[in-house]
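J.: Mind folding the following:
(chains A and B)
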Number of protein chains: 2
Amino acid sequence: MQETRLDTARIRAARQVIDPVFLDTPLYRCEALEPVLGCTLSIKLETANPVRSFKARGTEVVASLLTDEGSRAAVCASAGNLGQALAWSGRGRGLDVTVVASRSATRAKLDRIRALGAGLELVDGDHEMARERAAAMARYDGIRLVEDSLDIETCEGAATIGLELVGTEPSFDAVLIALGGGALATGVGHVMKALAPQVEVMCVQPLGAPAMTHSWRMRRVVTTESTDTIADGVAGRRPLGAVLDDLLLVVDDAVLVREASIVAGMRMLLDHAGLVVEPSAALGVAAILEDRDRFAGRHVATIVCGSNVDVDAYHRWVGRGPLHKS
Amino acid sequence: MQETRLDTARIRAARQVIDPVFLDTPLYRCEALEPVLGCTLSIKLETANPVRSFKARGTEVVASLLTDEGSRAAVCASAGNLGQALAWSGRGRGLDVTVVASRSATRAKLDRIRALGAGLELVDGDHEMARERAAAMARYDGIRLVEDSLDIETCEGAATIGLELVGTEPSFDAVLIALGGGALATGVGHVMKALAPQVEVMCVQPLGAPAMTHSWRMRRVVTTESTDTIADGVAGRRPLGAVLDDLLLVVDDAVLVREASIVAGMRMLLDHAGLVVEPSAALGVAAILEDRDRFAGRHVATIVCGSNVDVDAYHRWVGRGPLHKS
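T.: Prediction:
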C-alpha cells in the first residue's frame, strides 16, 4: 500500500509504553447475536479498563512522550473519552492535564475527568468549539496541545488494537470501526492493510455526523454546519486533511447509519451479549443491521470502543420499548 | 498451610489446556465505585468470553482430560453456567454433552446450552434434584459425570484466576469470592494461601442459600431444606464434605448478604462501572455495602464471575426505582 503517516514498527513500539491494563483486551465470538445478525460476530472489547474506552492506548503513548520531553502540562479538546484517558495517563506521570469540552458533553464523562484530577474547561457550542478553545489555551499558556487523530501517537495507540486483531485464528473477513476524528480507523486500518490485507476495513459513522464519511467519499475535506446524533464520541464537523489522506489509503468503505439502528445495536449488545456500550460503540452492529445481505455468512469483527454513558440517557435508549420483547 | 486437594503445579499446567479466550481476563480498578464503597476496588472480569462466566476455565480442563482418556460423552448438573461452559468445551472436542438443570433455571442459560448443541434434560425441583438426576443418568448410561467443585479439574480451572490475581502490582488486601459449590473459592483460595498468604480470602453467599457458609462456620456439612435467592448460580443446599475440607484450609471468612444488597450491588456495577452482572457476581460488592467499616481504606478485589441473566428479570432488578436516582 502507499505509505500512511503510520509505521508498523512504531506501533509495535507503542505497545511497550502503554500500561498493560489497556492491552490485550478480550476478543471473542458473540454467538448469541449471530442468529439476529446473520453473520459470525467477534467483539474486541475496549471497555473493561479504568477509563472504559480505547482512548488510553493513545494517551499512554502521548503522555509517555511528553514526560520524556520534560513537558509538565497538556491540554486537549474532548467529547469526553480522550479527556478521561489523558487525565488518567497524565495523573500517573505527574502531568497537569486540562480538558476542554462542550457544556453539552455526556455528564458521566465530565464527572470522571474531574474525578481523575484534570482541569475541566467547558465551552458553549459543540466539540469543534472545544477544539478551537483548546488550541487557543495551548498557544496562550505555551503548553502542549494534544490533538486527537492529528497527533500520530493517538493513531499509533489505537493501532495497537489492530496488532491484537491480526494475531488471531481464524481471521476475520471484515472489521467494522467507529469513525469520528479518524485515529481508530487510520490506526487499525493501517495495521490491517500492512499485516492482513485480505480483511475488509469498513468505517461506520452516524448519518447525523457524516463529515468524515462524506470527505472520504469525495476524497477531499467536507465539513458540515452541525451534527445531530446520540453518538457523541464521533460527532465531529471538521475532518482533518492529514487524517483523511491516511483514511483514503487504508479504508475500503465508509457507511452511514441511522440513529434507530444505533439504538437497536445498543439494545442487542445489552440483551444478547450483556454489554453496556455507548452509542459510538454500537455503530458496527448498526451497520450490520442496516445491510444484513452484505455480511451474510461472513466473519465480522467490531471494536466495542467505549461504554461511558449517562445512566438515565442509556436507560431511555435501551428501555423496554416495543423493539424489546423477549 | 495444610494440604488441600489442589496442587499449584497442576494449576499452572491447567492453563496450558484452557482456550486462551478464557485466560488473562481484565483486572482493573473501578474508581467510579470507590467513593460509594469507601475502599479501593479492583474487578477481575470473567464475563467477556463466549460463555459469559468463569466456568469454562474448569470445563476446558475437564473436557481436555476426557478426550485424552477417549471419552465420548459427559453429563453434568448445572444451574446453567457450568452446563453452558461444558457444552462449549465439549463441542470443540467432539464430546456429547448432556446437561441436567432445574426447570426453574435462568432461561437465558438454558437457551445458550441448547444453542451450543448440548442435550438438555429438565427436572422438577431445584439444583440438588438436577444433581441426583445427572448422577443417575451417568450410572445408567455409563458416561462420565462431571461434578462441579468435587471434580478437582473444576477447581483447578477456577484456580487459574488466582494465578492471574497474584501476579499483579500492587497487591490486594482482600479478595471477595462468590461461594456456591466451592470450586471458585477453593481454587482461588488455594492459590492465595500458597502464593499471596497476606491476602484475606473471603467468601460471600446469599442469606437465602447459606448451606456452605453454615458448614464452614460449623466445620461440618450442614444442609438446608430449601433456598430462596435470586443468585441462582450459588443456590445449593447440600455442600460436599471434600470441598468443605479444602474451604476450611484456605478461606479466612465467609459472610452472608441480603437480597437487597445483591440487587444494590448489581445496580452499582451497572451504573458506575457499566457492567451487566448476574446476581452471584454482585456478592462481593454486596458484602462491602453491608460492612463498609471492615473494608474502609483497604484494596479489595472481587471476581465478577458471570453475566448470564434473563433480560426481563435483570431489568426488573436494576430498574429505575427509588434506590436509583442519579
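
J.: Run through chain A and note the low-pLDDT ranges.
T.: A:1, A:320-326 (pLDDT under 70).

J.: how about the residues of it that lie near chain B?
T.: A:21, A:24-32, A:45, A:47-50, A:52, A:112, A:115-116, A:270-271, A:274-276, A:307-309, A:311-312, A:315, A:320, A:326 (Cβ under 8 Å from any Cβ of the partner chain). In short, each C-beta sits where N, CA and C put it, glycine included.

J.: any chance you could map the strands in chain A?
T.: A:27-29, A:40-45, A:73-77, A:96-102, A:119-123, A:144-146, A:174-178, A:200-206, A:253-257, A:299-304 (DSSP state E).

J.: possible to save those strands as JSON lines with mean neighbour count?
T.: Conversion of the strands of chain A to JSON lines gives the following (neighbours: other Cβ atoms under 10 Å in any protein chain shown):
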{"stretch": "strand A:27-29", "mean neighbour count": "19"}
{"stretch": "strand A:40-45", "mean neighbour count": "23"}
{"stretch": "strand A:73-77", "mean neighbour count": "25"}
{"stretch": "strand A:96-102", "mean neighbour count": "25"}
{"stretch": "strand A:119-123", "mean neighbour count": "16"}
{"stretch": "strand A:144-146", "mean neighbour count": "22"}
{"stretch": "strand A:174-178", "mean neighbour count": "27"}
{"stretch": "strand A:200-206", "mean neighbour count": "26"}
{"stretch": "strand A:253-257", "mean neighbour count": "21"}
{"stretch": "strand A:299-304", "mean neighbour count": "25"}
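
J.: ok, of the residues of chain A next to chain B, which come out buried?
T.: A:21, A:25-32, A:45, A:47-50, A:52, A:112, A:116, A:270-271, A:274-276, A:307-309, A:311, A:315 (16 or more other Cβ atoms under 10 Å in any protein chain shown).

J.: out of those, which are inside helices?
T.: A:112, A:270-271, A:311, A:315 (DSSP state H).

J.: Now for the residues you listed: which two are most distant?
T.: Using Cβ to Cβ, the two most remote members of these are A:112 and A:271, lying 25.9 Å apart.

J.: Now do residue A:72 against chain B, distance only.
T.: Residue A:72 sits 24 Å away from chain B, going by Cβ to the nearest Cβ, to the nearest Å.

J.: Let me see the contact set for that residue.
T.: For residue A:72, the contact set (Cβ atoms under 8 Å, 6 or more residues apart in numbering or on different chains) comprises A:94-96, A:143.

J.: Out of these, which is nearest to residue B:257?
T.: residue A:94 (40.1 Å).

J.: these two touch, right, residue A:303 and residue A:47?
T.: No. Using Cβ atoms under 8 Å, residue A:303 is not in contact with residue A:47; the gap is 10.3 Å.

J.: quick one: common contacting residues for these two?
T.: Counting by Cβ under 8 Å, 6+ apart, the residues touching both residue A:303 and residue A:47 are residue A:281.

J.: How about residue A:173: what's its closest non-neighbour residue?
T.: residue A:298 (4.2 Å; Cβ to Cβ, 6 or more residues apart in numbering or on different chains).

J.: in terms of contact, does that neighbour touch residue A:40 like I think?
T.: Yes. Residue A:298 sits in contact with residue A:40 when judged by Cβ under 8 Å, with a separation of 7.0 Å.

J.: before we move on, the earlier item: dump the contacts of residue A:72 to TSV, plus distance to residue B:246.
T.: Output for the contacts of residue A:72, formatted as TSV (distance: Cβ to Cβ, whole Å):
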residue	distance to residue B:246
A:94	46
A:95	48
A:96	51
A:143	57
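
J.: Which among the residues you listed count as buried?
T.: For those, buried by 16+ other Cβ under 10 Å: A:95, A:143.

J.: Pick out whichever of the contacts of residue A:72 sits closest to residue B:176.
T.: residue A:94 (32.4 Å).

J.: buried ones in stretch A:225-235?
T.: Buried, per 16+ other Cβ under 10 Å, within stretch A:225-235: A:227, A:229-235.

J.: again with stretch A:100-111
T.: A:100-102, A:105-106, A:108-111.

J.: ok, now stretch A:213-227?
T.: Here stretch A:213-227 shows A:213-216, A:221-222, A:224, A:227 as buried, counting by 16+ other Cβ under 10 Å.

J.: ok now it, how far from the chain's centre?
T.: For stretch A:213-227, the distance from its own C-alpha centre to the chain's C-alpha centre is 18 Å (Cα atoms, centre = their mean, to the nearest Å).

J.: do the same with stretch A:69-76
T.: The answer for stretch A:69-76 is 23 Å, by Cα atoms, centre = their mean.

J.: Can you get me the start-to-end distance on it?
T.: End-to-end distance for stretch A:69-76, by Cα to Cα, to the nearest Å: 18 Å.

J.: I'd say residue A:296 and residue A:38 touch.
T.: Yes. Counting by Cβ under 8 Å, residue A:38 is a contact partner of residue A:296 at 5.0 Å.

J.: which one of the two has more residues nearby?
T.: residue A:38 (16 against 11; other Cβ atoms under 10 Å in any protein chain shown).

J.: Report the contact partners of the more buried one.
T.: A:288, A:292, A:295-297.

J.: Residue A:201 versus that one, what's the distance?
T.: 21 Å (Cβ to Cβ, to the nearest Å).

J.: Contact partners for the residue of the stretch 51-200 of chain A at minimum distance from chain B?
T.: Nearest residue of the stretch 51-200 of chain A to chain B (Cβ to the nearest Cβ) works out as residue A:52 at 5.8 Å. Each residue near residue A:52 by Cβ under 8 Å, 6+ apart is listed here: A:81, A:84, A:306-308, B:274.

J.: Closest to chain B out of the buried residues of stretch A:213-227?
T.: Nearest to chain B among the buried residues of stretch A:213-227, with distances taken as Cβ to the nearest Cβ, is residue A:227, at 23.9 Å.

J.: Could you check how far the nearest residue to residue A:153 once chain neighbours are set aside is from residue A:221?
T.: Nearest residue to residue A:153, sequence neighbours excluded (Cβ to Cβ, 6+ apart): residue A:61, at 4.1 Å. Computed as Cβ to Cβ, the residue A:61 to residue A:221 distance reads 26 Å.

J.: Also residue A:316?
T.: For residue A:316, the distance to residue A:221 - Cβ to Cβ - is 35 Å.

J.: Residue A:149 now?
T.: 13 Å.

J.: what touches both of these two?
T.: In contact with both residue A:149 and residue A:221: residue A:240, using Cβ under 8 Å, 6+ apart.

J.: Break chain A down into its domains, please.
T.: For chain A, automatic domain parsing gives the domain ranges A:8-53+A:152-324, A:55-146.

J.: so what's residue A:102 up against?
T.: A:79, A:122-127, A:129-130.

J.: quick one: the helices in the stretch 151-300 of chain A?
T.: Applying DSSP state H, counting those that start in this stretch to the stretch 151-300 of chain A gives helices spanning A:152-166, A:183-195, A:211-218, A:241-250, A:259-273, A:283-290, A:292-295.

J.: Out of those helices, which is closest to residue B:281?
T.: helix A:259-273 (15.5 Å).

J.: ok now the closest one, how far from the chain's centre?
T.: The answer for helix A:259-273 is 17 Å, by Cα atoms, centre = their mean.
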